[in-house]
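Colleague: What follows is a predicted protein model with its sequence.
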Amino acid sequence: SAMSKEQRVLQYVQQNASRGDPDSVLAAVDKFGWETEWAMNLGDVKGAILDRFVKETAPQTMLELGTYMGYSAIRIARLLPETAKFMTVEFDQENAAVAREMIEFAGLQNRIIQITSDTADVIPQLKTKYDVETLDMVFIDHWKDVYVRDIKLLETNKLLRKGTVVVADNIIKPGAPEYAEYVRTCGKYDSTFHESRFEYSNDDIDGLEKSVFRG
Ligand SMILES: Cc1cc(C(=O)N2CCN(C)CC2)sc1-c1cc(O)c2nc[nH]c(=O)c2c1
Ligand SMILES: [Mg+2]
């Protein structure tokens, strides 16, 4: 059967990037996104903002909700020390399979714990099954309608501590208004909005919300 868009991106990476070179993998995905087919990767413009947050935070324990093709997982893992524990969760089996190959091509499979499951099932298991005490940083980029559900699950499962940094994609496009409202008004976070460009677009606006848990 014909290849999916995600498989086409993976093939392009395998044929145009250098195995074991994460930056060349990111560059190939971005070139494909700009020049050939749009895809919902974080992309280079918002990616540079996330890079800065990851470098500033230097997390030892990190969680990503929404792996998709693995682009942001590679983006994050390339900045983490070997000692860091980084888990990424993807619900869609086909996307998870593409991500596994993309992450392997980048040579980062030893730095990324890939989980294929519903985040609502995984979050309550992080302490017991994944030996997590608390999270230093979280990147939320799965589905806008469950952003609030999942950050509340992180709270009730005692996975956040004073200073945990929670970053969320797509605050403007497609938009996560309930999430923005929650983190900005619930009193539990110091939250800032970082305006940027929508992935692979010169004119559409989007942005990342960065919310630091007050503990
Ligand atoms: C799938 C999709 C379509 C969008 C859009 O407005 N489009 C008009 C403009 N054309 C060009 C693209 C299509 S925005 C978006 C999207 C973007 C993300 O970064 C996402 N991140 C995580 N999870 C998501 O479901 C997610 C969806
Ligand atoms: Mg996104």
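Modeller: Arrived safely. Ligands and ions are numbered 1, 2, ... in the order given.

Colleague: Is the closest residue to ligand 1 within the chain in a helix, a strand, or coil?
Modeller: Closest residue of the chain to ligand 1, C-beta to the nearest ligand atom: M40 (3.8 Å). For glycine as for every other residue, the C-beta is placed from the backbone atoms N, C-alpha and C. Look at M40: counting by DSSP: H, G, I helix; E, B strand; the rest coil, its state is coil.

Colleague: can you give me phi and psi for it?
Modeller: For M40, the backbone dihedrals (degrees, to the nearest 10) come out as phi -80, psi 40.

Colleague: Quickly note the distance from it to E6.
Modeller: 10 Å (C-beta to C-beta, to the nearest Å).

Colleague: what do those two both touch?
Modeller: Y68 (C-beta atoms under 8 Å, 6 or more residues apart in numbering).

Colleague: so where does A48 fall, helix or strand?
Modeller: Assigned by DSSP states H and E, A48 belongs to helix 43-57.

Colleague: Quick one: name the residues of this structure near ligand 2.
Modeller: For the chain, the residues in contact with ligand 2 (C-beta under 5 Å from the ion) are 141, 169-170.

Colleague: near ligand 1 too, which of the residues you listed?
Modeller: By C-beta under 6 Å from any ligand atom, the members of the residues of the chain next to ligand 2 lying near ligand 1 are 141, 169-170.

Colleague: Between these, which sits nearest E56?
Modeller: Comparing these against E56 with C-beta to C-beta picks out D169 as the nearest, at 17.5 Å.

Colleague: I figured that closest one hits S196, correct?
Modeller: No - counting by C-beta atoms under 8 Å, D169 does not reach S196; the two are 9.7 Å apart.

Colleague: Compare those two and say which is more crowded by neighbours.
Modeller: D169 (28 against 21; other C-beta atoms under 10 Å).

Colleague: With adjacent residues omitted, what lies nearest to K188?
Modeller: R214 (5.7 Å; C-beta to C-beta, 6 or more residues apart in numbering).

Colleague: Neighbours of that neighbour, how many?
Modeller: Count around R214 with other C-beta under 10 Å applied: 12.

Colleague: Ok, D141 next?
Modeller: 24.

Colleague: if I pick it, what's in contact with it?
Modeller: If a contact means C-beta under 8 Å, 6+ apart, then D141 has 42, 64-66, 68, 72, 168-170 as its contacts.

Colleague: which residues of the protein fall in helices?
Modeller: For the chain, the helices defined by DSSP state H occupy 5-16, 22-35, 43-57, 71-77, 93-106, 119-122, 126-129, 147-156, 177-185.

Colleague: can the ones you listed go into JSON lines with extra columns for mean neighbour count and distance to K210?
Modeller: Output for the helices of the chain, formatted as JSON lines (neighbours: other C-beta atoms under 10 Å; distance: least, C-beta to C-beta, whole Å):
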{"stretch": "helix 5-16", "mean neighbour count": "17", "distance to K210": "28"}
{"stretch": "helix 22-35", "mean neighbour count": "19", "distance to K210": "21"}
{"stretch": "helix 43-57", "mean neighbour count": "18", "distance to K210": "6"}
{"stretch": "helix 71-77", "mean neighbour count": "26", "distance to K210": "14"}
{"stretch": "helix 93-106", "mean neighbour count": "20", "distance to K210": "24"}
{"stretch": "helix 119-122", "mean neighbour count": "16", "distance to K210": "20"}
{"stretch": "helix 126-129", "mean neighbour count": "14", "distance to K210": "21"}
{"stretch": "helix 147-156", "mean neighbour count": "18", "distance to K210": "13"}
{"stretch": "helix 177-185", "mean neighbour count": "16", "distance to K210": "9"}
